[in-house]
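Asker: From the sequence below, what's the structure:
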Amino acid sequence: MDVPTFSPQEAQRRTDQFHEVFYYRRLWDTVRWMGVQAYKCPFDLWIYQEILHAHRPDVVIETGTAAGGTALFLAHIMDVIGKGRVLSIDIESNPQRPSHPRITYLHGSSIDQAVFASVRSGITTGERALVILDSLHNKDHVLAELRLWSPLIPSNGLLIVEDSNINGHPVHTDYSPDQGPGAYEAVEEFLLENDHFQRDSSFERLLMTFNPGGYLRRK
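Answerer: Sure, this is the predicted structure:
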């Protein structure tokens, strides 16, 4: 039997079809880490553990905590690596979120200057930060996050913008606050005004990602 080969265009077409099935059937809503909802594409979580192993950040700042599954996943990978902590920010408090010595939950908006100042004051000179943006996904909010948090990223460090797949890249959300221009469009505008960052497509090599064009590396 001949092994099929796919042109880049055909591979993308088939990936987009699977992406639509996975997304519209809300299978991401069933993804759990150690029993806690993570609301993620598993392919991206795999890439995250590769990033943590390679970059070994001292602190990961996550905006948008939800149930806390992703924060717990990151903390457990850090346990294996032997370093790092997670600061997870959300506008809602939830006492049911998992506890872990590496996780600190912060209550507030991810575009609040006071929240940013509190986080920044806790990062000591020489510590390397990695930022994952996963709160509200409309363009204005994500662009404000990018402008606020990007200065914390060191040279060759990473800033990840999640859910850039909505607004037709290739899916659409039924969550009304995130409808219309979103994370993908925010990244495009941010890169036009900030030449310190560039997209790193190597983190999309598994084809299926909820963060197309959203893996940003500081030059």
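Asker: quick one: the helices in the protein?
Answerer: 8-24, 42-55, 69-81, 113-121, 139-149, 183-193 (DSSP state H).
Asker: and the closest residue to residue 72 other than its chain neighbours, what pLDDT?
Answerer: Closest residue in space to residue 72, ignoring its immediate chain neighbours: residue 98 at 4.7 Å, by CB to CB, 6 or more residues apart in numbering. Glycine gets a C-beta too; all of them are placed from N, C-alpha and C. Confidence at residue 98, expressed as pLDDT, is 98.
Asker: quick one, what contacts residue 98?
Answerer: If a contact means CB atoms under 8 Å, 6 or more residues apart in numbering, then residue 98 has 34, 36, 68, 69, 71, 72 as its contacts.
Asker: hmm, which of the residues you listed are the buried ones?
Answerer: 36, 68, 69, 71, 72 (16 or more other CB atoms under 10 Å).
Asker: pLDDT at the first one, what is it?
Answerer: The reference is to residue 36. 98.
Asker: who does it bridge with?
Answerer: Here residue 36 sits in beta bridges with residue 33, as judged by DSSP bridges.
Asker: quick one, what contacts it?
Answerer: 67, 68, 69, 72, 97, 98.
Asker: Go again with 10 Å.
Answerer: Residue 36 sits next to 66, 67, 68, 69, 70, 71, 72, 73, 96, 97, 98 when contact means CB atoms under 10 Å, 6 or more residues apart in numbering.
Asker: Including distance to residue 182, could those residues go into CSV?
Answerer: Formatted as CSV, the contacts of residue 36 follow (distance: CB to CB, whole Å):
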residue, distance to residue 182
66, 17
67, 22
68, 23
69, 22
70, 19
71, 23
72, 26
73, 24
96, 28
97, 26
98, 28
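Asker: Looking at those residues, spot the one nearest residue 152.
Answerer: The closest of the contacts of residue 36 to residue 152 turns out to be residue 71 (CB to CB; 17.7 Å).
Asker: so how many other residues sit close to the closest residue to the closest one other than its chain neighbours?
Answerer: Nearest non-adjacent residue to residue 71, counting by CB to CB, 6+ apart: residue 88, 4.4 Å away. Residues lying near residue 88 (other CB atoms under 10 Å) number 24.
Asker: so how far is residue 101 from residue 88?
Answerer: Remark: distance between residue 88 and residue 101 (CB to CB, to the nearest Å) = 14 Å.
Asker: Please identify every residue contacting each of those two.
Answerer: By CB under 10 Å, 6+ apart, the residues touching both residue 88 and residue 101 are residue 75.
Asker: Quick check: residue 183 touching residue 137?
Answerer: Yes: between residue 183 and residue 137 a contact is recorded at 5.1 Å, counting by CB atoms under 10 Å.
Asker: what about those two, which has more around it?
Answerer: Remark: of residue 183 and residue 137, residue 183 carries more neighbours, 32 against 26, as counted by other CB under 10 Å.
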